[in-house]
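> predicted coordinates and the sequence they were generated for:
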Amino acid sequence: QQSGRKYNLFLKRRLRIDKRHQSKDSIFFRDGVRRIDFVLSYVDDLNKEWEKKLERRKEFESNLQKAGLELETEDKKESEDGKIFFVKIHAPWEVLITYAEVLNIKVPIKENDIPPMVENPLDCVLFPLRLPENVMHPEPDYFTAPFSKDKQELYLINDESTFFSPSMRNRIVNYILTRCPYGTEEGKKKFGIKRLLNNGTYTAAYPLHDCQYWKKASDPNCDSERHTLYMEWARFLRFYKEQPLVLIRKYYGEKIGIYFAWLGFYTEMLFLAAVVGLICFLYGLFTMDENMSSKEICDPAIGGEIIMCPLCDRDCEYWRLNTTCESSQYSHLFDNVATLFFAIFMGIWVTLFLEFWKRRQARLKYEWDLVDFEEEQQQLQLRPEYEAKCTQKKKNPITQEMEPYLPLTSQAVRFCISGATVLFWVSLIIASMIAVIVYRLAVYAAFASLMENTQTLQPISGLLTPQLATSVTASCLNFVIIMILNFFYERIAIWITDMEIPRTHMEYENRLTMKMFLFQFVNYYSSCFYVAFFKGKFVGYPGAYTYMFNRWRNEECDPAGCLIELTTQLTIVMAGKQIWGNIQEAIVPWICNWWGRRKARNNPENLYSRWEQDHDLQTFGALGLFYEYLEMVIQFGFITLFVASFPLAPLLALMNNILEIRVDSWKLTTQYRRPVAAKAHSIGVWQEILNGMAILSVVTNAFIVAFTSDMIPRLVYYYAYSENEDSPMSGYINNSLSVFQISDFPERNEPKENPENFVICRYRDYRYPPDHEKKYLHTMQFWHILAAKLAFIIIMEHVVFIVKFFVAWMIPDVPADVKAKIKREKYLTQKILHEYELEKLKERLCQGDKRATEKEFIATEGRMELSRAL
């Protein structure tokens, strides 16, 4: 007994010495052997809830220990601010193998013997883009099988401490934490770390990064994967390099890995679209001087002699067409023959992108052991909020166990409230868009009057027309409104989704995704839809203009067309969103972490521990990836739905995405706590949203080419109305402008002054002149153009859809070599498992086990033969 007491004193003294000398930047317990898999933190504040929180923590930590986890607490005196306790959690081998079987985690059974793919002849050219082999493939490729405790000798277990990767370990510990009970309150059994975080019992729960990002860990047992990711992936200077997807998946888990794989693939595919878009833009640039329409507008003898009707009532004056010379030249950059080609090309590109992504996804599913993966149980389990709020119970027909449920009447009421709220906010967006339209109409007259009467603006009046000035300012105002509405709706969407009480985590994510996407779709694209399909279409004609609210005269398009205004709108909203998004993603977390990082740099390791450094970082929440996907899908809409108006949109998106990959990787590696690893075998509901937008994009681009650009009117004139065989497009401008007799102006519309005593003015339409018997009615050419527009839409849609579906049919979703590998792995896995069972059966027979009958032996051999045949 005395010797035992001496031994205990020796251990305490030894522990005190180890604690003093151990670096607190370590990711191990004080013994330097057991790895820290998770950290819980709490503040011991002496308020009225103090005793209740203390009781919850005691019960929770006691139950964690009963589940087999090992805990080590750091007193608040050891922390930097002297206020925070840290509970370090370690999962021993027995816990890991138990829950690896529960979670169906796949582990190595044999090294992959399938020869690698034939080398790509372009590898020499692409060598500068490659990363070192040890970064791209940090470990060999294995055939894998679901883990089973009873068959441990099957698996390639070289070292128990490293057999399960840190991401697997934190996933297992998180699984236990989310299910561990902590007592009974108000007659209900309470469980899960999420509730404890919500009620303030704990302040944070997170797995540790393995080292500081700017330097390797001093401990040789640490892989320093965070440092490798920072050096090879998360720095902007590596923007031209491929992504180390295997290492990302190993460190962060499959869910984050699949996001970066998709973002990288999307960026690669954008390169082709950006090149073709740039060629189309250059075509417009090089043919600008040959454009007959802008030549006629700029010609003093033609455009200089054409007197246009006033742009607004009373205050605006008559103006000469050649004052829009520069804007008509610039509109040709985007409104030319190449626009049609690019619209068709992008319809096919979208299909290629989605089909090739399916193939890439199938390859990742095989390489990342997700082939037989069904959505993780954690995603399908009942949400704690659902269990807490649903007091009624009924028997589950599958499990035959009683579980909570939400009555149908309660569901209906909640859905009605939710639907009404979403409808209200969508109506609010439409109202804000109408307010911007009213702004356009109200300030248009002011801009027109200002530019005509201000001498200092005369030098730029050709380039900055009243239409363009109104469009630019309205687009900027619209962008500000979009961002304000976004800010509020994000919180409203989360609130109404919580109110619906979705049953599972997956159901919650899908409902929130659809609400947020619907809102963002209307918010970002409504102004573009207005300019593309409504502006200038319902104007009327001089003497019979149409008015909004019987007060503001509807906007007219520029004489060169509305496409340049759609381009302006698209550029401002798209570029503004991308710039604001990157500022929000990079600068805000950096400012929040600046003080914490400063402490980490200035204090020695023995004063600023690894768990404190990570505690001071931002939290990458459960909806972290949701916002990343949402941002990219909205961008995808900009480059597909309206790309006919702006061929440079894919180039803008490409440059943004090159930056986006590095910003996302930088913030995840340096500014956020390590997220809990989670599995995902696809991009989920976003795939269906992308498919829907791809189909819609064909329709919108067909309508843009037909109704927003001047392509169809020019083609109709070229083939049916041109009278000059040598120069078929000459006379087009005069043909596209109708004549109005000024004496027919009602008092409401007539300008206050007519100093040059003009008799007639021109306006953009196809109507009979005042001396015709069908005065001011639409001419036959108008109906010919309308018929041509409708025919073009039908033909273009059918052609593109046929090509899309043919391409989708031609490209298999799963590559042939991946199918072969999947079959090979299944065959080998079955063979190894059956051989193992046969060997075990032989051993039992040799040991005289009476239960191991000859019939069982024959059946096992027969099963092996059947497996080989299959």
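Right, received. Where do you want to start?
> domain-wise, how is this structure divided?
The domain map for the chain lists 26-105+147-208, 816-869, with the assignment taken from the TED database.
> mean pLDDT lowest where, among the ones you listed?
Per-segment mean pLDDT for the domains of the chain reaches its minimum on domain 816-869, at a mean of 70.
> Leu247 is in contact with Pro138, correct?
Yes. Under the criterion of C-beta atoms under 8 Å, Pro138 is in contact with Leu247, at a separation of 5.6 Å. Using the backbone N, CA and C atoms, a C-beta is placed for each residue, glycine as well.
> what about those two, which has more around it?
More neighbours surround Leu247 than the other of Pro138 and Leu247, with 23 against 15 (other C-beta atoms under 10 Å).
> overlap in contacts of Pro138 and Leu247?
By C-beta atoms under 8 Å, 6 or more residues apart in numbering, Pro138 and Leu247 have these common neighbours: Glu225.
> distance of Glu797 relative to Thr144?
Distance, Glu797 to Thr144, by C-beta to C-beta, to the nearest Å: 46 Å.
> the more surrounded of the two?
Higher neighbour count among Glu797 and Thr144: Thr144, with 20 against 17, using other C-beta under 10 Å.
> which intervals of the stretch 601-750 of the chain have sub-threshold pLDDT?
In the prediction, the stretch 601-750 of the chain carries residues with pLDDT under 70 at positions 601-607.
> quick one: the strands in it?
Here the stretch 601-750 of the chain has its strands, by DSSP state E, counting those that start in this stretch, at 737-741.
> show the pLDDT at the closest residue in space to Ala677 that isn't next to it in sequence.
The spatially closest residue to Ala677, leaving aside those adjacent along the chain, is Gly253, at 3.0 Å (C-beta to C-beta, 6 or more residues apart in numbering). Here, the pLDDT recorded for Gly253 equals 92.
> is it true that Gly253 touches Pro675?
Yes. Counting by C-beta under 8 Å, Gly253 does reach Pro675; the two are 7.3 Å apart.
> number of nearby residues for Gln65?
Other residues within reach of Gln65 by the criterion other C-beta under 10 Å amount to 12.
> please, which helix or strand holds it?
Assessed by DSSP states H and E, Gln65 sits inside helix 50-66.
> what's the most buried one of the domains of the chain?
Most buried of those, by mean neighbour count (mean count of other C-beta atoms under 10 Å): domain 26-105+147-208, with a mean of 17.
> contacts only, for Thr339.
Here Thr339 is in contact with 280, 563, 644-645, 647, 705, 709, 711 (C-beta under 8 Å, 6+ apart).
> hang on, it in a helix?
Yes. Going by DSSP: H, G, I helix; E, B strand; the rest coil, the assignment for Thr339 places it inside a helix.
> from Phe805, how far off is it?
24 Å.
> and what of Ile176?
Summarising the geometry, the distance separating Ile176 from Phe805, computed by C-beta to C-beta, is 48 Å.
> same deal with Ala338?
Shown here: Ala338 relative to Phe805, a distance of 25 Å by C-beta to C-beta.
> looking at these two, which is more packed in?
Neighbours per residue (other C-beta under 10 Å) separate Ala338 from Phe805, with Ala338 holding more: 21 against 11.
> does anything pack onto the helix or strand hosting Phe85? Which helices or strands?
Using DSSP H and E, Phe85 sits in strand 84-90. In terms of contact count using 3 or more C-beta pairs under 8 Å, 6 or more residues apart in numbering; DSSP states H and E, strand 84-90 is assigned the packing partners strand 38-43, strand 70-74, helix 610-615.
> among those, which is nearest Asn734?
Proximity of the helices and strands packed on strand 84-90 to Asn734 was assessed by C-beta to C-beta; the nearest stretch is helix 610-615, lying at 72.2 Å.
> so who does Tyr721 touch?
With contacts defined as C-beta under 8 Å, 6+ apart, the neighbours of Tyr721 are 735, 781.
> got the angle for the helix holding Gln65 vs strand 38-43?
Interaxial angle of helix 50-66 relative to strand 38-43 (axes from the mean of the first three to the mean of the last three C-alpha atoms, to 10 degrees): 170 degrees.
> helix 50-66 relative to strand 70-74, how many degrees between them?
Between helix 50-66 and strand 70-74, the angle comes out at 140 degrees (the same axes, to 10 degrees).
> so what's the gap between helix 50-66 and the chain middle?
Centroid displacement of helix 50-66 relative to its chain, using C-alpha atoms, centre = their mean, to the nearest Å, is 39 Å.
> what helices or strands is it leaning on?
Applying 3+ C-beta pairs under 8 Å, 6+ apart, one finds that helix 50-66 contacts strand 70-74, strand 181-185, helix 193-198.
> so what does the second one touch, helix or strand wise?
This means strand 181-185. helix 50-66, strand 188-191.
> cool, the last one as well?
Using 3+ C-beta pairs under 8 Å, 6+ apart, the elements in contact with helix 193-198 are helix 50-66, strand 204-206, helix 384-389.
> relative to strand 84-90, how tilted is the longest one?
When the same axes, to 10 degrees is applied, the directions of helix 50-66 and strand 84-90 differ by 20 degrees.
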